[in-house]
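K.L.:
Kindly return the folded structure for what I paste below:
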Amino acid sequence: MKIKQFKDGPLAHYSYAIVSEGKMALVDPSRNPMQYYIYAEEQNAKITAVFETHPHADFVSSHLQISEQTGADIYVSKLLGADYKHIPFDDGDSIKMGKITFKAINTPGHSPDSITIVAEDTKKTILFTGDTLFIGDVGRPDLRENVGNMKAKRVELAKDMYHTMQNKFNHLPDEALVYPAHGAGSLCGKNMSADSSSTLGNERMGNWAFKKQTEAKFLENILEDQPIIPSYFGFNVDINKHGAENVQKSKGAVNLKLFVDKLEAGVSIVDTRDGNIYKNGHFPNSVNIMARSDKDDFETWLGVLVEPEEAFYLVVNSVNDMEYVLERTAKIGYEKQIKAIVTLSDKVSVSSDKLDLKHFKKNLEDYTIVDIRSKNEVASAKIFENALSFPLNELRDNADKIPADKPIVVHCAAGFRSAAGSSILENKFKNTRVYDLSNAIEKFK
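P.N.:
Down below sits the predicted model:
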C-alpha cells in the first residue's frame, strides 16, 4: 500500500491517494482533480474509487468530476442522502482494491453522516478519519444545524462525538496510522496540531477527546470557544451533497476585463491586491481581501465577507494573477458569482489615508481604535486598553456602533484582517479618516 498526502495550505486541508497493484483510491479530494491525475499517471494507476468521509463545509470536493472523468465509484454513507450516483459505505461494508481492504466505520459527531475509512493490508492499518478525529482534537459539532440532508443540532452531535470517541475506535490497534482531513489553521476544529499524521496509540494518550470523562464534561469542552462559522460553510455542504460542476468548465466561463476605470454600481468589489498597492488606488466601496500567497487566508475571508450567490467583481494586480486567484475562489464554489475579473486603469485613484505612526504612538487618546480580532484572541491578550472590539466577521453589521468623531485606527494580529476591516470602515465613514495599522501592530505587542 502506497499513500500520498496532498496539502492545501490556505484551507489546512489534507486529501489522499492510495495505490495498490495499478489501482488508486482517493479520499476527500480538493476541488481541482488535476494533481491526482498527474500522480495517477506517475504511478501508472487507474483511479477506481473515491471516498468522501462526509459532505465538507469548508471546501468543494471534486468527487463527482473525478467519477465522470475516470469511471471511479464514489463511496459515501447512506445517511448523507447524496444526489449523485454512489455506493453506500457504512458499518460492516468493505471493498477490495489490489491488496488493500477498505472498510467503513460510522463515526458521527462532526456531522451525522461522517465515516472513517479503514485501509488494511498484511502490513499495516490506516485510518482516514475525515473531520472526526484530528491530531490532538476532534471535529466541531456545530456546522450541520441548518444544512444537509440530515440536520442535527450541536448538542446532539456533540453527544454523538462523545460516543464515537468512547466506542468506535476501540477494536483498532495502537499502531494504526491516523490521517485526518485537516490540520492546524482549519476552522473545522479549534485546537488541532500542526502534525499531519499520528498513530491511534499516540492519540489515545494525548488527545483530550480520548480521555476518560463524563459526557457532560466532554460536551462542555467541545462546545465552548469554537471558531466563527463562515457564511459559505452551509453553501459548500449543499454543493458537496449534490456534486460540484467540472471546475475547468466553470472557471472557463468567468469573464476578464482589462484596464477598467468604472464598474457597475451596487455590485460588491473584492480587491485581492497587496494592501499597500490597494491603498494607493482602488475602486470606491471595495473590500481588500488579499491573495498574495498561500499564507493569506483568502478563501476563508472571501467566504466570510461575501455571501453565497452574491455577485462580485474580483480585482487582481495583473493578468498573471488571474488563474491563481480564480483557482482559490473556485475552492469554495464562488467562481460562478464573479461578474468579471478585472485589472485597473490608471484613472482609478481613490486612495486610503496613511497613518502617522509616530503621532499615533504618542497620542492614542486622539484615535478610536478598533480591534477586529476574534473574541477569544481579545480575551487572551488585549493590545490597546481602550480599543473597541468588533471581530471582522461582525464588523459590517456593527459599524454604526463605532463613533466617528475621531480618526479610526483598525488593527488585527498581523495585518491581513486589518486590510479588509479598514477598507470596510473606509466605505462606511466618508467624512472620518480611517487608518490600517497593518503589520505595525507588532510594535505594540
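K.L.:
shouldn't residue 317 be in contact with residue 343?
P.N.:
Yes. Using CB atoms under 8 Å, residue 317 is in contact with residue 343, at 7.4 Å. Glycine gets a C-beta too; all of them are placed from N, C-alpha and C.
K.L.:
residues shared between the contacts of those two?
P.N.:
Both residue 317 and residue 343 lack any common contact, where contact means CB atoms under 8 Å, 6 or more residues apart in numbering.
K.L.:
For stretch 429-438, what is the distance to the chain centroid?
P.N.:
29 Å (CA atoms, centre = their mean, to the nearest Å).
K.L.:
That stretch - what's its average pLDDT?
P.N.:
The average pLDDT within stretch 429-438 is 96.
K.L.:
Flag every buried residue along it.
P.N.:
429, 432-438 (16 or more other CB atoms under 10 Å).
K.L.:
for it, how far is the first residue from the last?
P.N.:
19 Å (CA to CA, to the nearest Å).
K.L.:
Contacts for the helix or strand of the chain with the lowest mean pLDDT next, please.
P.N.:
Between all helices and strands in the chain, the lowest mean by mean pLDDT, DSSP states H and E belongs to helix 375-380, at a mean of 91. For helix 375-380, the surrounding residues in contact (CB under 8 Å, 6+ apart) are 225, 371, 389, 391, 413.
K.L.:
Now do the contacts for the fourth one.
P.N.:
With contacts defined as CB under 8 Å, 6+ apart, residue 391 is in contact with 228, 372-375.
K.L.:
The lengthiest helix in the chain - contacts with which helices or strands?
P.N.:
For the chain, the helix with the greatest residue count under DSSP state H is helix 416-428. The elements that helix 416-428 packs onto, with contact taken as 3 or more CB pairs under 8 Å, 6 or more residues apart in numbering; DSSP states H and E, are helix 275-280, strand 286-288, helix 298-305, helix 392-398, strand 408-411, strand 434-436.
K.L.:
angle of it against helix 298-305?
P.N.:
Angle between the axes of helix 416-428 and helix 298-305 is 40 degrees (criterion: axes from the mean of the first three to the mean of the last three CA atoms, to 10 degrees).
K.L.:
returning to that earlier point: show me which positions of the least confident helix or strand of the chain end up buried.
P.N.:
Of the residues in helix 375-380, 377-378 count as buried by neighbour count, 16+ other CB under 10 Å.
K.L.:
Mind checking what helix or strand follows it in sequence?
P.N.:
strand 388-389 (DSSP states H and E).
K.L.:
Which strands and helices lie in contact with that following strand?
P.N.:
strand 368-371.
K.L.:
Return the distance of the strand it packs on from the chain's centre.
P.N.:
Counting by CA atoms, centre = their mean, strand 368-371 comes out at 27 Å from the chain centroid.
K.L.:
Kindly report the same for stretch 292-303.
P.N.:
Using CA atoms, centre = their mean, the offset of stretch 292-303 from its chain centre is 9 Å.
K.L.:
end-to-end on that stretch?
P.N.:
17 Å.
K.L.:
List of residues touching that stretch?
P.N.:
For stretch 292-303, the surrounding residues in contact (CB under 8 Å, 6+ apart) are 9-11, 58-59, 185, 187, 230-233, 270, 272-274, 289-291, 325, 328-329, 331-332, 334, 392, 416-417, 420.
K.L.:
how about the strands of the stretch 51-200 of the chain, start to end?
P.N.:
In the stretch 51-200 of the chain, the segments counted as strands under DSSP state E, counting those that start in this stretch are 73-76, 87-88, 94-97, 100-106, 115-120, 125-130, 177-180, 198-199.
K.L.:
hey, C-alpha coordinates of the longest one in CSV?
P.N.:
In CSV, the C-alpha atoms belonging to strand 100-106 read as follows (Å, rounded to 0.1, in the frame of the first residue of the first chain):
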residue,chain,number,x,y,z
ILE,A,100,-6.0,-3.4,0.2
THR,A,101,-9.3,-3.9,2.0
PHE,A,102,-11.3,-0.8,2.7
LYS,A,103,-13.8,-0.8,5.5
ALA,A,104,-16.3,1.8,6.8
ILE,A,105,-16.9,2.9,10.3
ASN,A,106,-19.8,5.3,11.0
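K.L.:
Show the secondary-structure elements that that strand is packed against.
P.N.:
Using 3+ CB pairs under 8 Å, 6+ apart, the elements in contact with strand 100-106 are strand 94-97, strand 115-120.
K.L.:
Please identify the most buried of the ones you listed.
P.N.:
strand 115-120 (a mean of 24; mean count of other CB atoms under 10 Å).
K.L.:
tell me the mean pLDDT over it?
P.N.:
Averaging pLDDT along strand 115-120 gives 98.
K.L.:
Start the count at 33 instead of 1 going forward.
P.N.:
Fine by me, first position is 33 from now on; the one you just mentioned is strand 147-152.
K.L.:
just checking, what packs against it?
P.N.:
Against strand 147-152 (3+ CB pairs under 8 Å, 6+ apart) you get strand 132-138, strand 157-162.
K.L.:
What strands line up against it, and which way round?
P.N.:
strand 132-138 (antiparallel), strand 157-162 (antiparallel) (DSSP bridges).
K.L.:
Can you lay out the ones you listed as a markdown table showing mean pLDDT?
P.N.:
Formatted as a markdown table, those follow (pLDDT from 0 to 100):
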| stretch | mean pLDDT |
| --- | --- |
| strand 132-138 | 98 |
| strand 157-162 | 98 |
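K.L.:
okay if I get these as TSV plus distance to residue 329 and mean neighbour count?
P.N.:
Putting those into TSV (distance: least, CB to CB, whole Å; neighbours: other CB atoms under 10 Å) gives the following:
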stretch	distance to residue 329	mean neighbour count
strand 132-138	32	20
strand 157-162	22	25
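K.L.:
mind putting those strands in JSON lines, distance to residue 438 included?
P.N.:
Output for those, formatted as JSON lines (distance: least, CB to CB, whole Å):
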{"stretch": "strand 132-138", "distance to residue 438": "57"}
{"stretch": "strand 157-162", "distance to residue 438": "49"}
